[in-house]
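**Student:** can you look at this prediction? I've put the sequence above it.
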Amino acid sequence: CNTIFAERGKICLEHLATASSEQIKEELSKFPGCGPKTISCVLLFNLQRPDFAVDTHVFRLAAAAGWVPSEASVRAYNHKHGVGGGKGGKGR
């Protein structure tokens, strides 16, 4: 919150409403504990953006249905988006 205050003069995330989804993901991922699932929820439910939060249960169902890409594809995606690898709050 101190960073937001220093950058914007107030603690508010309203500026994200006009940002691209990628900019929003980048901005929100700076907060400890704010990982991909939380960010997807903000995009979908608060900003009405086309995004989908995937938790462990959804992932298991998707895998059982054969909708999950190969492990190599998942690793490539995770690497590109900075997910996983113990980066504090990401990859959960």
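**Tutor:** Perfect, thanks for sending it.

**Student:** how far away is Val83 from Ala72?
**Tutor:** Going from Val83 to Ala72 by CB to CB, to the nearest Å gives 15 Å. All C-beta spots, glycine's among them, are computed from the backbone N, C-alpha and C.

**Student:** and the nearest residue to Asp55 once chain neighbours are set aside, what element?
**Tutor:** Excluding its sequence neighbours, the residue lying closest to Asp55 (CB to CB, 6 or more residues apart in numbering) is Lys37, at 5.8 Å. Following DSSP states H and E, one finds Lys37 within helix 36-41.

**Student:** now the helix or strand following that helix: how far from the chain's centre is it?
**Tutor:** Once the chain leaves helix 36-41, the next helix or strand it forms, by DSSP H and E, is helix 56-64. Relative to the chain's own centre, helix 56-64 is displaced by 18 Å; criterion: CA atoms, centre = their mean, to the nearest Å.

**Student:** check stretch 22-30 too.
**Tutor:** 7 Å.

**Student:** the top helix by length along the chain - what's its average pLDDT?
**Tutor:** Using DSSP state H, we find that the single longest helix of the chain is helix 71-81. In this model, helix 71-81 has an average pLDDT of 78.
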